[in-house]
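**Q** The following comprises the amino acid sequence and a computationally predicted model.
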Amino acid sequence: MSSFVPRIFSGIQPSGDLHLGNYLGAIRRFVPLQQSHDCIYCVVDMHAITVWQDPADLHRSTLELTAAYLAAGLDPKRSIIFNQSQVIEHAELAWIFNCVARMGWLNRMTQWKDKAGKNSEVQSVGLFSYPSLMAADILLYKATGVPVGEDQKQHLELTRDIAAKFNNDFGPRLKELGLDADYFPMTEPLISGPATRIMSLRDGTKKMSKSDPSDMSRIALTDDAETITRKIKKAKTDAEPLPSEVAGLKGRPEAENLVDIYAALADMSKDQVLREFGGVGFGTFKPALADLAVAQLAPIADDMRRYLADKGEIERVLRDGAGRARIIAAETMREVRKIVGFVGA
Ligand code: TYM
């Protein structure tokens with residue numbers, strides 16, 4: 001039996017425009033968890049600066065992402081919503097985890113390899129040690145579950161490795177202090193449903209991403225109805241009609257992606273979507289998908305604009321959330337400093 005309070009933590013970087021992948025793979029899945037769990041949803045601004053961010057853009061994106069959280073249905077009374085840099089314990093625990101994690105572990109991270117490419121020498125040290133900060137985000141609150149998209153799976157495995165090594169390295173010390181031998185939990189990644197990996201609308205083998213140079217590859221959360229419809233109608237597909245069973249999507253990544261998007265937006269399974277649209281061509285399916293996407297996303301974009309009209313209110317939400325997060329974070333760090341052996345702790 002785990003002695004940990006069930007607690008959800010997740011975060012999104014305020015860098016660039018939020019897209020449909022972020023919404024379906026993360027934010028939309030954050031909402032129902034509020035009914036069953038204590039939830040902490042963070043705007044991870046310290047992660048964003050691992051690559052250059054214009055300060056004015058970072059500031060604006062932080063407020064916009066918070067507005068998106070609120071517009072999508074995160075409730076600041078029920079959940080803790082805050083930006084990472086306001087709770088300095090994230091940086092402190094990340095430093096300790098930098099001394100727990102091994103170079104080899106971080107070197108194996110596929111996201112580091114993808115982002116650094118052949119130019120690792122000119123990347124920031126922060127980009128390399130990014131997963132230690134992510135582990136700190138999660139373990140500072142001893143979170144037991146982390147809803148994310150598929151691309152974060154390896155980072156969550158590393159979080160478990162860091163927790164296990166910390167618990168093991170400091171095992172005797174934990175005993176001496178009368179603390180639980182499983183000091184940090186083995187956090188569960190929550191990666192499920194049809195939308196854990198939404199692909200580019202231009203190339204079904206590439207993930208939908210903020211950094212894709214083509215704006216047509218993604219639907220931004222702030223796109224208007226006309227833009228959403230145009231992007232879906234121009235999405236790359238093949239010439240075949242949709243199959244009536246999931247097995248028929250094999251080898252058709254673009255078709256599968258549009259079915260995944262439909263399923264996630266309609267809260268249906270892929271099977272159900274294909275039962276409805278099996279045998280139908282894209283000339284019919286794309287307009288149906290566009291109508292659904294507009295119906296679901298337009299109210300969120302409207303609400304985001306409404307929230308952004310009162311920046312003071314957004315700042316108040318973040319300040320209040322940070323105050324509540326700090327209470328949990330401070331408690332963990334008081335113990336961690338003692339565990340490590342720092343004088344004065
Ligand atoms: P970030 O900001 O890149 O993405 C935010 C969330 O969106 C998901 N996502 C996708 N899901 C489905 N399809 C896609 N194409 C797609 N693109 C992005 C991501 O999986 C993520 O859930 N390292 C994290 C932020 C982070 C974090 C954390 C997350 C920092 N600390 C602690 C959880 C817990 C990141 O860069 O996500």
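**A** Arrived safely, thanks for sending. Since the model is a prediction, treat every value here as computed from it, not as a measurement.
**Q** Domain-wise, how is the chain divided?
**A** Domains of the chain are assigned by automatic domain parsing as 7-196+311-340, 215-306.
**Q** would you turn the ones you listed into JSON lines with mean neighbour count, mean pLDDT and distance to residue 206?
**A** Yep, even glycine has a C-beta here, placed from its N, CA and C like the rest. As requested, these are arranged in JSON lines below (neighbours: other Cβ atoms under 10 Å; pLDDT from 0 to 100; distance: least, Cβ to Cβ, whole Å):
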{"stretch": "domain 7-196+311-340", "mean neighbour count": "18", "mean pLDDT": "97", "distance to residue 206": "11"}
{"stretch": "domain 215-306", "mean neighbour count": "17", "mean pLDDT": "97", "distance to residue 206": "8"}
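**Q** Which among those domains is found nearest to the ligand?
**A** When the domains of the chain are compared by Cβ to the nearest ligand atom, domain 7-196+311-340 sits nearest the ligand, at 2.1 Å.
**Q** where does the stretch 101-250 of the chain come near the ligand, residue by residue?
**A** Within the stretch 101-250 of the chain, the positions near the ligand by Cβ under 6 Å from any ligand atom are 134, 137-138, 146, 148-149, 151-152, 155, 195-198, 207-208.
**Q** Greatest separation within the residues you listed: which pair is it?
**A** Greatest spatial distance among these (Cβ to Cβ): 138 and 208, at 24.1 Å.
**Q** what helices or strands is the longest helix belonging to the chain leaning on?
**A** Criterion DSSP state H: the longest helix present in the chain is helix 311-340. Contacts defined by 3 or more Cβ pairs under 8 Å, 6 or more residues apart in numbering; DSSP states H and E place helix 311-340 against strand 38-43, helix 55-72, strand 80-83, helix 89-98, helix 282-308.
**Q** got the angle for it vs strand 38-43?
**A** Interaxial angle, helix 311-340 versus strand 38-43 (axes from the mean of the first three to the mean of the last three Cα atoms, to 10 degrees): 110 degrees.
**Q** touching the ligand at all, helix 311-340?
**A** No: legend: contact between helix 311-340 and the ligand by Cβ under 6 Å from any ligand atom is lacking; minimum distance shown is 12.8 Å.
**Q** okay, the angle between that helix and helix 282-308?
**A** Put simply, helix 311-340 runs at 90 degrees to helix 282-308, going by the same axes, to 10 degrees.
**Q** so helix 311-340 versus helix 55-72, what angle?
**A** Angle between the axes of helix 311-340 and helix 55-72 is 100 degrees (criterion: the same axes, to 10 degrees).
**Q** mind checking the backbone torsions on residue 190?
**A** The phi/psi pair for residue 190 (degrees, to the nearest 10) reads phi -110, psi 90.
**Q** Quick check: nearest residue in space to it, chain neighbours excluded?
**A** Spatial nearest neighbour of residue 190, chain neighbours left out: residue 147 (4.2 Å); criterion: Cβ to Cβ, 6 or more residues apart in numbering.
**Q** does that neighbour really touch residue 31, like I thought?
**A** No: applying Cβ atoms under 8 Å, one finds residue 147 not in contact with residue 31, separated by 10.1 Å.
**Q** Is residue 138 within a helix or a strand, and which one?
**A** helix 125-139 (DSSP states H and E).
**Q** Tell me the gap between that helix and the middle of its chain.
**A** 14 Å (Cα atoms, centre = their mean, to the nearest Å).
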